Structures are given as structure tokens and as C-alpha cells.
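[1] Need a 3D model of the following:
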Amino acid sequence: MINTIETQKTQNPLKRLYFWTIHWAGTPYAVPALVLLSFAESSFFPVPPDVLLITLCFSQPKRWFKFALFCTIASVMGGMLGYAIGWGLWDTVGQPIVNFYHGQEVILKIKTWYDSYGFWGVLVAAITPIPYKIFTIASGSMHFNFVEFIGASILGRGLRFFAVAWLIRKFGVQVKPFLEKHFEIASIVFTVLLILGFVAVKYLF
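    Presented below is the predicted three-dimensional model:
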């Protein structure tokens, strides 16, 4: 056990994060941790819930649907908090958060999509690699239609989390050894795929 801890200390932050999520997946607080992480990430917290969601689906693949559902519900509820921050606390809270994540240009892009395509523009913003917290705060600050915002959030976040959970349920046994051994490479590939998705949306719209 001591050797495992020492090994983790010498690894890079990505692998330490991976083993941290495994720790939560093996505790009685796994689901509450997933819910809290999903909620907080929607308005201010920097760590996405996907890492913990993936680990939970690895450890308990038969519960993938439940994990994805909890993740989606908590994320949308956290999105409501982000919307409220943008609506009523933009100057004191919302703008500092956006500035911290360098999201000023992203907000302008979201507004362009919303003005041009209405609900569909909001939906695109919800499913792209744009940080969801920037999307929620921007939606509130620009007074987007709240019902459309919730609908887009449910569809966008649900699509993302259920897709991730199902893929792990379907192919987890095959990819887990590779992920544990080459986590840095997997992270880079995942980031590249997100960038390519953003580029595709940019050209599409």
C-alpha cells in the first residue's frame, strides 16, 4: 500500500487525478462525490465530472445508466446556479469566473449562435467543448430564454454523459488496461478530439 501511494506521488497530475477518482469509486461516497462534482463544475469548479463518471462505470459497469442519470441531473441543476450567477451576479461573481477561464471570446460566440439560431444555437453551445460553466453564466448574463436553456442543457449534457457511460459499459474491459498504462496519451487524444469537434461546429455554423 505504501509503495502504491509513493508511486502515485511521483506521477504527473493527470495520473494522480485518475487514481484519486478510483479512490472515490471504491468508497461509500462515490455517488455523492459524482453528484457534487457534476453540480459544482457547471458554475465554477475546474475539474469535469467525466473522470469520476468513467471510473465509476469501470468499477460498476451495470450501473452505468444510473451514474449517467445522476451526473446529468446534478449538472443541469448546477447549470441553473450558473445561470443565476450570470443573471444577477455578473459584475461581482460571473465576470471574474469567465475571466479566470479566459471565456470572453467564447461568450461572444455563444451570443452569435443564440441570435442566429435560437434554441439550436444554445443546444450547440451546450454540447461543444466550450466549458459548460461559461455557457451557463453567459446564458444568464444575456437573459437567454430559461426554458430553452434548460432544454438545451438536458439534451446536451445528457447526450455527453450517457454516451461516455455507455461507451465504458460497452468497451470498458478492452480499454481499461490501456487507459491505466497510457493515461497521458489517452488524455491528449481526448483533448484533440474535443478540439476537432469544436472546429467542426465552427465550420458547420
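
[2] how many neighbours does Leu159 have?
    A count of neighbours around Leu159, defined by other Cβ atoms under 10 Å, yields 14. Backbone N, C-alpha and C define where each C-beta goes, glycine included.

[3] That one and Ile127 touch, don't they?
    Yes - the criterion here is Cβ atoms under 8 Å, and Leu159 meets it with Ile127 at 6.0 Å.

[4] For Ser38, see how far away the residue nearest in space to the middle of the chain is.
    In the chain, the residue lying closest to the centroid (Cα atoms, centre = their mean) is Pro48, at 4.2 Å. Separation of Pro48 from Ser38 (Cβ to Cβ, to the nearest Å) stands at 9 Å.

[5] With Trp20 instead?
    Distance, Trp20 to Ser38, by Cβ to Cβ: 16 Å.

[6] List the buried residues of the longest helix seen in the chain.
    Longest helix in the chain by number of residues (criterion: DSSP state H): helix 146-181. In terms of neighbour count (16 or more other Cβ atoms under 10 Å), helix 146-181 has its buried residues at 148-158, 160-162, 164-165, 168-169, 172, 179.

[7] again, but for stretch 114-124
    Residues of stretch 114-124 classed as buried by neighbour count (16+ other Cβ under 10 Å): Tyr114, Phe119, Gly121, Val122, Leu123, Val124.
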